[in-house]
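A.B. asks: Okay, structure incoming, though there's no sequence with it:
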Ligand code: AHG
Ligand code: MN
Ligand code: MN
């Protein structure tokens, strides 16, 4: 069968690099290495049911969460490949308490923050999971290994951000600041091909994603906003439909393509997590970068813009309200007591 001459992700990266004469090709090199790691993880995820890789590794991570074998595999795959890629000076991973150094002599001018496997609770039940990544330029001088100060940078300063979703197909969705583009992995060829050029998130939606099991623990504006979305009013397209997969990447991806709002607000369920569950550096900030690049919004449940938050520590948690602009702004009106 003559396969269409699709645009590979490498070709797309080179083409977008041409838009920036000052580009040195290092960011392209970094993304290409990350893509190799993603393909490796994808192969493992698709085989997980057969290979002895499901279930718990017996370890717990900095988040105090039980680490699944696939979490550990994904973390090691990215860490080992990127430590020697030559384009980054330091990394941080959801699975590691401290910043991860790169191999001496291989330091580069970028930094990498990543959630190696997002949606771990869905690994053993064959529901879509993903990897999320965020790239910044280093702050410290362009030599030697980096440190936390190179990683603790506002989301608005990202030079690239994206995710790979391991679902019915494996897709890579990322932005380097010139829009959001989606690539689908052709497993027969082992290559990502451009399938969703210049993704724009619908300005308003019909879906909301939130874990309603936490309803009792939410603040009043969140509850009132949800009641509003569930009320019957045909003229304003209500009630919305509920869609909650429990993998942030999958919930975000659906909303990016079809429109929707995802909410993980702070709740009063766990005093140890007063700022909600999701992490700023490698979950909220990269997805907020994509949301804004695609014409959407991302704020906290006290109205701050995610991309303008100055991080204070690597595993800092933030409440996340993200998705279609109309719906996020409407949430802001409930927050401000205007509704
Ligand atoms: P991770 O698997 O990387 O720890 O992330 C899980 C997150 C996110 O993917 C999802 O939106 C959220 O946990 C679901 O949390 P609840 O089970 O509390 O709804
Ligand atoms: Mn996650
Ligand atoms: Mn994770």
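C.D. replies: On my side now, so go ahead. Remember, it's a predicted structure, so these values are computed and weren't measured experimentally. Ligands and ions are numbered 1, 2, ... in the order given.
A.B. asks: Show me the shaky parts of the chain.
C.D. replies: Applying pLDDT under 70 to the chain flags the ranges 1-4, 48-53.
A.B. asks: Any idea how many residues pack against residue 329?
C.D. replies: Other residues near residue 329 number 13, with proximity taken as other Cβ atoms under 10 Å. (Each C-beta comes from the backbone N, C-alpha and C, glycine too.)
A.B. asks: Residues contacting the stretch of helix or strand it belongs to, please?
C.D. replies: Taking DSSP states H and E as the definition, residue 329 sits inside helix 325-335. Helix 325-335 is contacted from outside by 201, 203-205, 208, 221-222, 224-225, 228, 260-261, 263, 295-299, 301-303, 321-322, 339, using Cβ atoms under 8 Å, 6 or more residues apart in numbering.
A.B. asks: Kindly give a single PyMOL line that selects the buried subset of these.
C.D. replies: To isolate the buried members of these in PyMOL, using 16 or more other Cβ atoms under 10 Å:
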select buried, resi 201+204+205+208+221+222+225+228+260+261+263+296+297+298+299+301+321+322
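A.B. asks: Identify those among the contacts of helix 325-335 that sit within helices.
C.D. replies: Of those, the ones assigned to helices by DSSP state H are 221, 222, 224, 225, 228.
A.B. asks: So for the helix holding residue 329, what gets flagged as buried?
C.D. replies: Neighbour counts over helix 325-335 (16+ other Cβ under 10 Å) mark 325, 326, 327, 328, 330, 331, 332, 334, 335 as buried.
A.B. asks: and it, how far from the chain's centre?
C.D. replies: The chain centroid and the centroid of helix 325-335 are separated by 22 Å, computed with Cα atoms, centre = their mean, to the nearest Å.
A.B. asks: same deal with stretch 318-325?
C.D. replies: For stretch 318-325, the distance to the chain centre is 12 Å (Cα atoms, centre = their mean).
A.B. asks: quick one, longest helix in this protein?
C.D. replies: The longest helix of the chain (DSSP H) is helix 26-47.
A.B. asks: who does that one touch, helix- and strand-wise?
C.D. replies: Secondary-structure packing of helix 26-47 (3 or more Cβ pairs under 8 Å, 6 or more residues apart in numbering; DSSP states H and E): helix 9-18, helix 69-82, strand 110-118, strand 129-137, strand 160-166, strand 170-175.
A.B. asks: now do 6 Å
C.D. replies: In terms of contacts (3 or more Cβ pairs under 6 Å, 6 or more residues apart in numbering; DSSP states H and E), helix 26-47 is packed against helix 9-18, helix 69-82, strand 160-166.
A.B. asks: What about residue 60, how many residues nearby?
C.D. replies: Residue 60 has 11 neighbours, counted by other Cβ under 10 Å.
A.B. asks: How about it, nearest residue that isn't a chain neighbour?
C.D. replies: The spatial neighbour of residue 60 that comes closest, neighbours along the chain excluded (Cβ to Cβ, 6 or more residues apart in numbering), is residue 66 at 5.7 Å.
A.B. asks: Output the set of residues of the stretch 101-250 of the chain in proximity to ligand 1.
C.D. replies: Residues of the stretch 101-250 of the chain lying close to ligand 1 by Cβ under 6 Å from any ligand atom are 115, 118, 119, 120, 121, 211, 246, 247, 248.
A.B. asks: tell me, which of the ones in helices among the contacts of helix 325-335 make contact with ligand 3?
C.D. replies: By Cβ under 5 Å from the ion, no member of the ones in helices among the contacts of helix 325-335 lies near ligand 3.
A.B. asks: buried stuff in stretch 172-180?
C.D. replies: 172, 173, 174, 175, 176, 180.
A.B. asks: Next: stretch 220-236.
C.D. replies: 221, 222, 225, 226, 228, 229.
A.B. asks: Distance-wise, check the residue nearest the centre of the chain relative to residue 169.
C.D. replies: Centroid-nearest residue in the chain: residue 132, 3.9 Å away (criterion: Cα atoms, centre = their mean). To residue 169, residue 132 is 18 Å away according to Cβ to Cβ, to the nearest Å.
A.B. asks: Measure how far stretch 44-64 is from the centre of its chain, please.
C.D. replies: From the chain centre to the centre of stretch 44-64 is a distance of 20 Å (Cα atoms, centre = their mean).
A.B. asks: Let me fix that, I meant to ask about stretch 286-302.
C.D. replies: How far stretch 286-302 lies from its chain's middle: 11 Å, per Cα atoms, centre = their mean.
A.B. asks: now do the same end-to-end measure for that stretch.
C.D. replies: Stretch 286-302 has an end-to-end distance of 20 Å (Cα to Cα, to the nearest Å).
A.B. asks: Quick check: residues of this structure near ligand 2?
C.D. replies: Neighbours of ligand 2 within the chain, by Cβ under 5 Å from the ion: 115, 118.
A.B. asks: ok, now with 6 Å
C.D. replies: With the criterion set to Cβ under 6 Å from the ion, the chain comes near ligand 2 through 115, 118, 248, 283.
A.B. asks: Tell me the buried residues in stretch 70-84?
C.D. replies: Neighbour counts using 16+ other Cβ under 10 Å place 70, 71, 72, 73, 74, 75, 77, 78, 79, 82, 83 of stretch 70-84 among the buried residues.
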